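Peer 1: Return a 3D structure for these sequence lines:
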Amino acid sequence: MEERKARNWYWWLWLSPLVTIPTLTILMLIFSLFYDPGRKLICIAVLGSALWHLILLFPALNKKSEFVRWHGRQALFLAGVRTAVPLVFGLVFGAEDEALLFIPVLIAVWFFGTLWGQLQAARGKCSLMRWFGRAEALPSRVRAEEPAQARKLDSEALVDIIRYSRDPEQRRKALAELEKLGMVEPL
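Peer 2: As a prediction, the model looks like this:
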């Protein structure tokens, strides 16, 4: 359940370019009307469009699930990387054509980063938790079938003890174990 909730927050990272890119474009157009588009204005426009990612504070501050909280932080980290890429290119190249080289890098970070986070959440893993030494809080992935199968093997061994053992004490203990498992009615 919490894996699904954590995974669903990554949908915001998939869809956020639909609002961040138009916001960046609008801010750049507004700034270019009044000022020369320099490095400073590019950085302001990039940071202004990145404010949409603050919605990820909801899972990052989740009080009910530590797993969702850490995945919210990981999604914020990915959003920060996605913001840093155009910032660095904007600072280095300014308004020159070479600044557009950030687009393929940003698409790769967007696609692979979001896919990575979403797959980790679905598998019950979180790299950020491991990096910060919180891996013991990851949800356990014990399958429901395994205890039932182990119980079946144990019960078969206990029945064999009752059938074939010559030691009455061993048979009594095996019968008591079967009672604990709820497989026989107490006498």
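Peer 1: Show me the chain divided up by domain.
Peer 2: Per automatic domain parsing, the structural domains of the chain span 2-137, 145-180.
Peer 1: Dump those domains to TSV, plus mean neighbour count.
Peer 2: No exception for glycine: its C-beta is placed from N, CA and C like everyone else's. Below are the domains of the chain laid out as TSV (neighbours: other C-beta atoms under 10 Å):
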stretch	mean neighbour count
domain 2-137	16
domain 145-180	12
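Peer 1: does Trp9 really touch Ala75, like I thought?
Peer 2: Yes: using C-beta atoms under 8 Å, Trp9 is in contact with Ala75, at 5.6 Å.
Peer 1: Which residues are in contact with each of the two?
Peer 2: Residues touching both Trp9 and Ala75 by C-beta atoms under 8 Å, 6 or more residues apart in numbering: Leu56, Pro59.
Peer 1: related to what we said a few turns ago, and the domains of the chain, which one averages the lowest pLDDT?
Peer 2: Here the lowest mean pLDDT among those goes to domain 145-180, at a mean of 76.
Peer 1: where along the chain do the helices fall?
Peer 2: 2-15, 17-34, 39-50, 57-60, 66-93, 102-108, 114-123, 127-131, 145-164, 168-180 (DSSP state H).
Peer 1: contacting residues around the residue nearest the centre of the chain?
Peer 2: What sits nearest the mean C-alpha location of the chain, by C-alpha atoms, centre = their mean, is Ala121, with 3.5 Å. By C-beta under 8 Å, 6+ apart, the contact set of Ala121 is Glu3, Ala6, Arg7, Trp9, Tyr10, His71.
Peer 1: let's go with 7 Å and repeat that
Peer 2: For Ala121, the contact set (C-beta atoms under 7 Å, 6 or more residues apart in numbering) comprises Glu3, Ala6, Arg7, Tyr10, His71.
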